[in-house]
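K.L.:
Structure of the sequence below:
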Amino acid sequence: MKLKSMYHFISIITAAFFVPASVFAADPGGTSKQVTGAGSTFVYPVLSKWADSYKKETGTSINYQSIGSGGGIKQIQSKTVDFGATDMPLKSEDLAKDGLVQFPIINGADVAVINVAGVKPGELKLSGDLLAQIFLGKIKKWNDPALVAVNKGLTLPDQAITVVHRSDGSGTSFIFTNYLSKVSADWKTAVGEGSAVNWPVGVGGKGNEGVASYVKQINGSIGYIEYAYALQNKMTYTQLQNQAGQFVTPEEKSFRAAAVGADWAHAKDYYLILTNAPGKTSWPLAGSTFVLMQKTQSDSAQGRAALQFFRWAFKNGEAAAAELHYVPLPKAVAALVEKTWKEQIKAADGKALAIGL
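P.N.:
Numbering: from 1, shown residues only. Okay, the predicted model is just below:
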């Protein structure tokens, strides 16, 4: 089967079996509140666990559409959901233009995943520049001398590399391209960073789910996904060289090391990016998920219900987050976020919405 035909076939199969992520529809009895949200696929694994526990404990449903950060931003801008979720923080001027408040809820990480026969999880080493050269299409085979040089003792096949990237507007792509722009002048000049970029090579998959599906099915492929998806799909992740020059493995310890220096208190509107963080054990593809809400809530009950859910997640969601290798916000940062709610999110009459949560 020719490669184009194979991609078309995979797209049909993926479309036939992939169902957009929706976390727990409303109580069929109609007696429970329902909060609606949309956006980041990066946060979906932990958000779905939180939503399950929260529904059992409170009776309130969290209906979340995992459609990508770009979609989440558009839906909160158009006021069709109670909250949007994005892994690409918005700048202050963009928040002000749309009357939005932004705050972080969790830290996590992207990983590079591969499908190369004979290579086990964590065996392949990549530097940021090598990763950029692969995604630029300049390194075309797995046994390229540049890859062999940093992977002595590992047998790499004479096989073409197939790049897999996101096809939708994606915070995961923002984290990935922001990192590549920091570590590769070639990438910064040719492609740059963003939730959607003009990819030089490769095939696009929708959502973390779509990229994971392609990488699993295409021999010789490489892609990038949130770490929880790599674990859930039993995929082969790589090591990455960090800012300190160390090759590190993706794990909670290295994710936490990347997040530990984050100065949220001095980040205006929480605009902070964790990629390529300093530290010998820091994972270079770390990132955060941010929630977007309207500053003025036309429906106070809905706005308050959304805040109640996130407050519950801060207080009760650490175990579920750790199980999926996310890094919960430090308690001091969660307290800072709750202060932001009280100061910035108002009911239609101008009163603070978060008072008395």
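
K.L.:
contacts and neighbour counts: CA atoms only from here.
P.N.:
Fine.

K.L.:
now stretch 151-159: mean pLDDT?
P.N.:
For stretch 151-159, mean pLDDT is 96.

K.L.:
so where do the helices sit in the stretch 101-250 of the chain?
P.N.:
With helices called from DSSP state H, counting those that start in this stretch, the stretch 101-250 of the chain shows them at 128-135, 145-150, 171-183, 185-190, 207-217, 227-232.

K.L.:
can you list the domain ranges for this protein.
P.N.:
3-106+288-347, 110-270 (automatic domain parsing).

K.L.:
averaging pLDDT over each of those, which comes out lowest?
P.N.:
Among those, domain 3-106+288-347 scores lowest, at a mean of 85.

K.L.:
Tell me the gap between it and the middle of its chain.
P.N.:
Relative to its chain's centre, domain 3-106+288-347 lies at 12 Å (C-alpha atoms, centre = their mean, to the nearest Å).

K.L.:
Over to stretch 144-160?
P.N.:
Relative to its chain's centre, stretch 144-160 lies at 29 Å (C-alpha atoms, centre = their mean).

K.L.:
what's in contact with it?
P.N.:
Here stretch 144-160 makes contact (C-alpha atoms under 8 Å, 6 or more residues apart in numbering) with 116, 118-119, 123-126, 130, 140-143, 220.

K.L.:
now swap in stretch 193-200 and tell me
P.N.:
69-70, 88, 135-137, 165, 167-174, 177-178, 180-181, 191.

K.L.:
quick one, strands of the stretch 251-357 of the chain?
P.N.:
Along the stretch 251-357 of the chain, counting by DSSP state E, counting those that start in this stretch, strands occupy 286-294, 296-297, 346-347.

K.L.:
Helix 171-183 and the first one, what's the angle between them?
P.N.:
Here strand 286-294 runs at an angle of 130 degrees relative to helix 171-183 (axes from the mean of the first three to the mean of the last three C-alpha atoms, to 10 degrees).

K.L.:
Convert the C-alpha atoms of strand 286-294 to PDB, please.
P.N.:
Below are the C-alpha coordinates for strand 286-294, written out as PDB (Å, rounded to 0.1, in the frame of the first residue of the first chain):
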ATOM      1  CA  ALA A 286       7.000  20.600  30.700                       C
ATOM      2  CA  GLY A 287       3.900  22.700  30.500                       C
ATOM      3  CA  SER A 288       0.800  23.800  32.300                       C
ATOM      4  CA  THR A 289      -2.900  23.800  31.500                       C
ATOM      5  CA  PHE A 290      -4.800  27.100  32.000                       C
ATOM      6  CA  VAL A 291      -8.500  27.600  32.500                       C
ATOM      7  CA  LEU A 292     -10.200  30.600  30.900                       C
ATOM      8  CA  MET A 293     -13.400  32.100  32.300                       C
ATOM      9  CA  GLN A 294     -15.400  35.200  31.600                       C
END
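
K.L.:
Who are the packing partners of that strand?
P.N.:
Judged by 3 or more C-alpha pairs under 8 Å, 6 or more residues apart in numbering; DSSP states H and E, the packing partners of strand 286-294 are helix 69-77, strand 83-86, strand 100-115, helix 252-259.

K.L.:
Same question for stretch 95-102: list its buried residues.
P.N.:
Neighbour counts using 16 or more other C-alpha atoms under 10 Å place 95, 100-102 of stretch 95-102 among the buried residues.

K.L.:
Next: stretch 156-169.
P.N.:
156, 161-169.

K.L.:
Could you work out the end-to-end span of that stretch for me?
P.N.:
Taking C-alpha to C-alpha, to the nearest Å as the measure, stretch 156-169 stretches 33 Å from start to finish.

K.L.:
still on that earlier bit, export the domains of the chain to JSON lines and tack on distance to Ile355?
P.N.:
Below are the domains of the chain laid out as JSON lines (distance: least, C-alpha to C-alpha, whole Å):
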{"stretch": "domain 3-106+288-347", "distance to Ile355": "6"}
{"stretch": "domain 110-270", "distance to Ile355": "20"}
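
K.L.:
Quick one: closest of these to Gly279.
P.N.:
Nearest to Gly279 among these is domain 110-270 (6.1 Å), distances taken as C-alpha to C-alpha.

K.L.:
Out of the helices and strands packed on strand 286-294, which one sits most buried?
P.N.:
Sort the helices and strands packed on strand 286-294 by mean neighbour count, taking mean count of other C-alpha atoms under 10 Å, and strand 83-86 sits at the top with a mean of 31.

K.L.:
Residues in contact with that one: which ones?
P.N.:
Residues outside strand 83-86 that contact it (C-alpha under 8 Å, 6+ apart): 36-40, 68-70, 72-73, 75-76, 171, 289-294, 306.

K.L.:
export the helix or strand that comes right after that strand as PDB, just CAs?
P.N.:
Downstream of strand 83-86, the next assigned helix or strand under DSSP states H and E is helix 92-98. Below are the C-alpha coordinates for helix 92-98, written out as PDB (Å, rounded to 0.1, in the frame of the first residue of the first chain):
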ATOM      1  CA  SER A  92      -2.800  40.100  28.900                       C
ATOM      2  CA  GLU A  93      -4.000  42.100  25.900                       C
ATOM      3  CA  ASP A  94      -5.900  39.100  24.500                       C
ATOM      4  CA  LEU A  95      -7.500  38.400  27.800                       C
ATOM      5  CA  ALA A  96      -8.600  42.000  28.200                       C
ATOM      6  CA  LYS A  97     -10.000  42.200  24.700                       C
ATOM      7  CA  ASP A  98     -12.300  39.300  25.400                       C
END
